[in-house]
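Trainee: coordinates only, sequence not included:
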Ligand SMILES: NC(=O)c1ccc[n+]([C@@H]2O[C@H](COP(=O)([O-])OP(=O)(O)OC[C@H]3O[C@@H](n4cnc5c(N)ncnc54)[C@H](O)[C@@H]3O)[C@@H](O)[C@H]2O)c1
């Protein structure tokens, strides 16, 4: 199915990945509606295209809104989420938004004969690697309520296909970074947080020994993968990993950021691990390559440079931003 000239709904479209996906969907001539309640998303992430989209402020937990907004929609990309760090202290809201919210979307899509439902899951459903690289049949052993709630969303998505023939598919992105990623509060991610601390000449804080690894993927590569997966008919009722497929430790990541900012002289400080932190993540993307010739393009060094170029061109007051930084942002 070609995703062009269609009516598309993006939940969580004012967020980091969602707003880049909206850009891609507009480039490919789709009519885009965004549903977002701005818990972590921002209207300004879409300020460049507000005249081209329908932006609806609302909650995926609001069943009647979800039902009415999915009427007359061809394709749903479901990204709305409560994040991992929120799940540590507030697991119920994670369950409500990530699991129940996904069920609401599936049921509304079934009732309204939506043609395709694309669920954006997460590598967090795997937990720590039992073997590496991790392919799609790796067992689901989430270590956090966030991972568990994303896995519940996957199961609702797959069973909606099996029972009701809702044409659906699951995309599992690995850690994504790039412009518009979060540095603030509970939503702050490691790359923006290291960048902000270094720009303020403060030591970056590593939780754990820094040997934990992630498969950092630049946002344009993640969005390209989501878009290609959504068009792949062979993926209906199935799951695919989307990632750069290279393993980077947090210690190595920090070295790359320090080099890009010329802050090699600033050493990290080490603190206790975050509860439930995954130790090892690296994707096997053979399936995405085979099904739709997915080829991630941006290396971690290039991606970090691009991110820093963007961050430092925003006119931010680094000192003011840093005042609001929460060190242990899951507590
Ligand atoms: N960023 C990553 O590294 C990463 C990695 C793997 C998977 N993912 C997945 O990608 C998707 C997008 O993640 P992101 O990093 O862009 O996160 P984000 O926090 O930037 O985006 C989530 C969006 O959902 C919105 N939202 C939250 N609760 C809502 C609700 N109840 N109703 C409507 N909207 C709501 C937020 O306001 C925000 O705009 C998520 O489903 C996430 O699980 C992200």
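Mentor: Ah, there it is. Worth saying up front: this structure is predicted, and the values here are computed from it rather than measured.
Trainee: Kindly state the pLDDT recorded for residue 14?
Mentor: The score at residue 14 is 98. That number is its pLDDT.
Trainee: Now it: closest residue in space that isn't a chain neighbour?
Mentor: Distance criterion C-beta to C-beta, 6 or more residues apart in numbering; nearest residue to residue 14, sequence neighbours excluded, is residue 41 at 3.2 Å. (C-beta placed from N, C-alpha, C; glycine too.)
Trainee: which residues does the one you found contact?
Mentor: By C-beta atoms under 8 Å, 6 or more residues apart in numbering, the contact list for residue 41 reads 12-16, 18-19.
Trainee: 10 Å - rerun?
Mentor: 12-16, 18-19, 34, 57, 79-81, 180, 182, 187 (C-beta atoms under 10 Å, 6 or more residues apart in numbering).
Trainee: got a winner among those residues for most neighbours?
Mentor: When neighbours are counted by other C-beta atoms under 10 Å, residue 34 leads these with 32 neighbours.
Trainee: For that one, list each beta-bridge partner.
Mentor: residue 10, residue 55 (DSSP bridges).
Trainee: So it versus residue 99, what's the distance?
Mentor: Going from residue 34 to residue 99 by C-beta to C-beta, to the nearest Å gives 22 Å.
Trainee: what residue ranges in the protein score low on pLDDT?
Mentor: Scanning the chain for pLDDT under 70 picks out the ranges 186, 330.
Trainee: Which residue lies nearest the spatial centre of it?
Mentor: residue 17 (5.6 Å; C-alpha atoms, centre = their mean).
Trainee: The helix or strand harbouring that residue near the ligand at all?
Mentor: Assigned by DSSP states H and E, residue 17 falls within helix 16-27. Yes. Against the ligand, helix 16-27 shows contacts by C-beta under 6 Å from any ligand atom at 16-18.
Trainee: Setting aside sequence neighbours, what's the nearest residue to residue 177?
Mentor: Spatial nearest neighbour of residue 177, excluding adjacent residues (C-beta to C-beta, 6+ apart): residue 191 at 4.6 Å.
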